[in-house]
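# Take this sequence and fold it.
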Amino acid sequence: MAEAARAAPYRDVVLVVTRHRLPLPGYADTAAALAAARDVLAVLAEQTGYLRGWITRAVDDPDLLVLAHEWADAGSYRRALSAYDVKLRWPFFLTATDEATAFEVLVSRTPDSVLETPSAIAADHGTVGLGFAAGPDIPTGDFA
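Down below sits the predicted model:
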């Protein structure tokens, strides 16, 4: 295989995977669910930071549909979810199984190379939540 045809390793990429069990609630049949998935992928592809995506079906379980897409970074993916056209597709997103969906790539391997990327998850990710500043001692102010 020519060098130009080989895939390059990933760097700083976020992989998003949502699994959907057919038949999907709110969709008449499999064809309607696949049409909705195509529509979602097309709208996601218009968002800044979108790299590529797939609609797949499990080979051993044809009732399991997977929507997978790659983003330049976690921020791009999160901002895309806020886009108006994406929000209009929430009925499809709501059919996904309830599990983690966004993953950072830590190790990428091609036939010719290996790339290891350190995690971008903050060290205090388990202790800082909404309404709290990320820092050792940040006053919250007088909001009472």
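# What residues sit buried inside stretch 58-77?
For stretch 58-77, the neighbour count (16 or more other CB atoms under 10 Å) marks 65, 67-71, 74, 77 as buried. Bear in mind the C-beta positions are built from the backbone N, C-alpha and C, glycine included.
# ok, residues contacting it?
Under the contact criterion CB atoms under 8 Å, 6 or more residues apart in numbering, stretch 58-77 has outside partners 10, 12-24, 33-34, 37, 40-41, 44, 47-57, 80, 96, 102, 104, 120.
# Return the subset of those lying in strands.
The strands, defined by DSSP state E, take in 14-21, 50-57, 102, 104 from these.
# surely Ile121 meets Ala102?
No: contact criterion CB atoms under 8 Å: Ile121 and Ala102 do not qualify, at 11.0 Å.
# neighbour count winner among the two?
Ala102 (15 against 10; other CB atoms under 10 Å).
# these two touch, right, that one and Ala80?
No: Ala102 is beyond contact range of Ala80, at 11.2 Å (criterion: CB under 8 Å).
# Need the max-distance pair from the buried residues of stretch 58-77.
Leu65 and Ala74 (24.0 Å; CB to CB).
# Low-confidence regions, the protein specifically.
1-11, 124-125, 128-144 (pLDDT under 70).
# Name the residues of stretch 90-101 that are buried.
Here stretch 90-101 shows 92-93, 95-96, 101 as buried, counting by 16+ other CB under 10 Å.
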